[in-house]
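Colleague: how would this look folded up:
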Amino acid sequence: MQVLCQLSYSPECGRNCISRRGQSAGHDRLRTRRRRADGIAVNIATCAPVVARQVIDGGLAAAWDDLADRTGAAPFARPGWLRPWAEATGVRLEALTAYCGDCLLGVLPVVWDRHRVRTPADWHSPWFEAVVADGTPLRALAAALAGAARSRVTVDFVLAGEGTARAAADALNAAGYRLRPRVRQESPFVAVHGSWEHYLASLPARRRSDLRRRARRLEEAGTVTWEVHEEAKGLPRLLEEALAVEAAGWKGAAGTAIASHPAMARFYREVAIWAAERGWLRLALLRLDGRALAFDLALEAQGRHFLLKTGYDPAFNALSPGLLLRRHMLQRAFDLSLASYEFCGAAEPWKLEWAQATRPVLAIEAFAPTLGGSLARAAARAARWARVHLSRRRERS
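Modeller: Predicted coordinates for the structure are as follows:
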């Protein structure tokens, strides 16, 4: 383990600490008493966190997952999501960790390059967040990130106004980095309040009438069944069926379907199996006379429904299977009294027909106050200009 820094402040870090010692398959109870760590007596209530850079092995992954359970972290902030993502994208995943003695207080996963350090997230990631017990280890991790001696630091796909974005920006600014924050995307969501009938009544009258008409048309076409699969039993076959539906549409023709990229297909299969083991998988299928017309691949945790992937068979476009599956799954969210239905991804028009609120997802680019940082900043500007120029040329042609 390579220790990067020991921070000087002394937080009350014992309220949510998880011991590395004596972990079992279940969850250790919270420990706030005085104990021994590595042969040294540690007062967990007053010790300062030590931040370390670590390779993620099985022991760290288990402690990280336990901490995530206790703090209610999102599924995509956990090793069960990030380790398959790193394998699929071909990067080496490491972590900045904050410990108080042998108690894990925080984890900030990172990807290290020679001149750059960044958070492990991309367009397949709804958003990124550090897993921390409270604000103190988060500030410690952000300070270590800012002290990583890299020309460029990218804190990507973080929610605007949330702890990870604020702590990283504050630490990088204090270290003299030049910050360039920008909104990556506005991610739509529906806050689930009240009844389904109340939500439905909030939609335009023409849309409600259209939904009723399309539902009748589908029911007249044959036997309609709705399925939501949560378990691992039969999952490989169901996933292949769902991915085939996606590949049959425009995504397959454009080469952006999951099945078009073996590494990402493996990632989603591994995530689905992991989520099923945790009880978070929600694989929804709309069938007509037994044939799958539309699917959703989603996770459901901490009272939130996260839509990861969706698709429908264009051969049945006249029956609106994607639209009607969305209506069914939103109604299910209200029936179960979930907290929110997260569409994830960008604010595409079809999502905004259902959702009136969005979550800004940021990319924070930071450039060191060094010659290397200035060169990296100039290179980033040139790359942005080239992308914009190429995009405009394509639009004209």
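
Colleague: what is the mean pLDDT for stretch 63-75?
Modeller: In this model, stretch 63-75 has a mean pLDDT of 97.

Colleague: alpha carbons only: can I get it in PDB?
Modeller: Provided in PDB are the C-alpha atoms of stretch 63-75 (Å, rounded to 0.1, in the frame of the first residue of the first chain):
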ATOM      1  CA  ALA A  63     -15.000  -3.600   2.900                       C
ATOM      2  CA  TRP A  64     -16.000  -1.000   0.200                       C
ATOM      3  CA  ASP A  65     -19.300  -2.800  -0.400                       C
ATOM      4  CA  ASP A  66     -20.100  -2.900   3.300                       C
ATOM      5  CA  LEU A  67     -19.400   0.800   3.600                       C
ATOM      6  CA  ALA A  68     -21.600   1.400   0.500                       C
ATOM      7  CA  ASP A  69     -24.400  -0.600   2.200                       C
ATOM      8  CA  ARG A  70     -24.200   1.500   5.300                       C
ATOM      9  CA  THR A  71     -24.100   4.800   3.600                       C
ATOM     10  CA  GLY A  72     -26.800   4.000   0.900                       C
ATOM     11  CA  ALA A  73     -24.400   4.500  -2.000                       C
ATOM     12  CA  ALA A  74     -25.800   4.100  -5.500                       C
ATOM     13  CA  PRO A  75     -25.200   0.800  -7.300                       C
END
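
Colleague: list the buried residues in it.
Modeller: Buried positions in stretch 63-75, judged by neighbour count with 16 or more other C-beta atoms under 10 Å: Ala63, Trp64, Asp65, Asp66, Leu67, Ala68, Arg70, Thr71, Ala73, Ala74, Pro75. Backbone N, C-alpha and C define where each C-beta goes, glycine included.

Colleague: distance of the fifth one from Ala73?
Modeller: Which is Leu67. Distance of Leu67 to Ala73, computed by C-beta to C-beta, to the nearest Å: 8 Å.

Colleague: same deal with the third one?
Modeller: Shown here: Asp65 relative to Ala73, a distance of 9 Å by C-beta to C-beta.

Colleague: name the helix or strand for Lys309, please.
Modeller: strand 304-312 (DSSP states H and E).

Colleague: same for that strand, what does it pack against?
Modeller: helix 235-248, strand 291-301, helix 321-335, strand 340-342 (3 or more C-beta pairs under 8 Å, 6 or more residues apart in numbering; DSSP states H and E).

Colleague: below-threshold pLDDT in the protein: ranges please.
Modeller: Scanning the chain for pLDDT under 70 picks out 1-47, 388-397.

Colleague: list the contacts of the lengthiest strand in it.
Modeller: Ranked by number of residues, the top strand in the chain under DSSP state E is strand 178-191. By C-beta atoms under 8 Å, 6 or more residues apart in numbering, the list of residues contacting strand 178-191 from outside reads 126-127, 156-157, 160, 169, 172-173, 199, 330, 333, 339-347, 351-352, 354-367, 369, 373, 377, 380.

Colleague: now do the phi/psi pair for Glu270.
Modeller: Main-chain torsions, Glu270, degrees, to the nearest 10: phi -70, psi -40.

Colleague: repeat that for Asn317.
Modeller: On the backbone of Asn317 - angles per degrees, to the nearest 10 - the values are phi -60, psi -30.

Colleague: how close does it sit to Ser209?
Modeller: 20 Å.

Colleague: repeat for Ala275
Modeller: Using C-beta to C-beta, Ala275 is found at 37 Å from Ser209.

Colleague: just the element for His193, please.
Modeller: Per DSSP H and E: His193 is located in neither a helix nor a strand.

Colleague: wait, I meant Pro360
Modeller: Pro360 belongs to strand 357-367 when elements are defined using DSSP H and E.

Colleague: taking strand 178-191 as reference, get the angle to that strand.
Modeller: Counting by axes from the mean of the first three to the mean of the last three C-alpha atoms, to 10 degrees, strand 357-367 lies at 160 degrees to strand 178-191.

Colleague: sheet-wise, list the partners of strand 357-367 with their directions.
Modeller: Applying DSSP bridges, strand 357-367 is found paired with strand 152-159 (antiparallel), strand 178-191 (antiparallel).

Colleague: how about these in a markdown table, adding mean neighbour count and distance to Met264?
Modeller: Formatted as a markdown table, the strands paired with strand 357-367 follow (neighbours: other C-beta atoms under 10 Å; distance: least, C-beta to C-beta, whole Å):
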| stretch | mean neighbour count | distance to Met264 |
| --- | --- | --- |
| strand 152-159 | 23 | 16 |
| strand 178-191 | 17 | 19 |
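
Colleague: any chance of the ones you listed in JSON lines, plus distance to Pro236?
Modeller: Converted to JSON lines, the strands paired with strand 357-367 look like this (distance: least, C-beta to C-beta, whole Å):
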{"stretch": "strand 152-159", "distance to Pro236": "29"}
{"stretch": "strand 178-191", "distance to Pro236": "30"}
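
Colleague: out of those strands, which gets nearest to Trp280?
Modeller: Shortest distance between Trp280 and the strands paired with strand 357-367, using C-beta to C-beta, is found for strand 178-191: 17.4 Å.

Colleague: so after the closest one, what's the next helix or strand?
Modeller: Following strand 178-191 in sequence order, the next helix or strand is helix 196-201 (DSSP H and E).

Colleague: and the very next helix or strand once past that following helix, how far from the chain's centre?
Modeller: Once the chain leaves helix 196-201, the next helix or strand it forms, by DSSP H and E, is helix 205-221. Relative to its parent chain, helix 205-221 has a centroid offset of 34 Å by C-alpha atoms, centre = their mean, to the nearest Å.

Colleague: and helix 205-221, what does it pack against?
Modeller: Counting contacts by 3+ C-beta pairs under 8 Å, 6+ apart, helix 205-221 packs against helix 321-335.

Colleague: now do the same contact list for Asp296.
Modeller: Counting by C-beta under 8 Å, 6+ apart, Asp296 has contacts Arg282, Leu283, Ala284, Leu307, Lys309, Thr310, Leu325, Met329.

Colleague: JSON lines please, covering these and showing distance to Glu270 and neighbour count.
Modeller: As requested, these are exported to JSON lines (distance: C-beta to C-beta, whole Å; neighbours: other C-beta atoms under 10 Å):
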{"residue": "Arg282", "distance to Glu270": "17", "neighbour count": "22"}
{"residue": "Leu283", "distance to Glu270": "14", "neighbour count": "22"}
{"residue": "Ala284", "distance to Glu270": "20", "neighbour count": "21"}
{"residue": "Leu307", "distance to Glu270": "19", "neighbour count": "23"}
{"residue": "Lys309", "distance to Glu270": "14", "neighbour count": "19"}
{"residue": "Thr310", "distance to Glu270": "19", "neighbour count": "22"}
{"residue": "Leu325", "distance to Glu270": "24", "neighbour count": "21"}
{"residue": "Met329", "distance to Glu270": "23", "neighbour count": "20"}
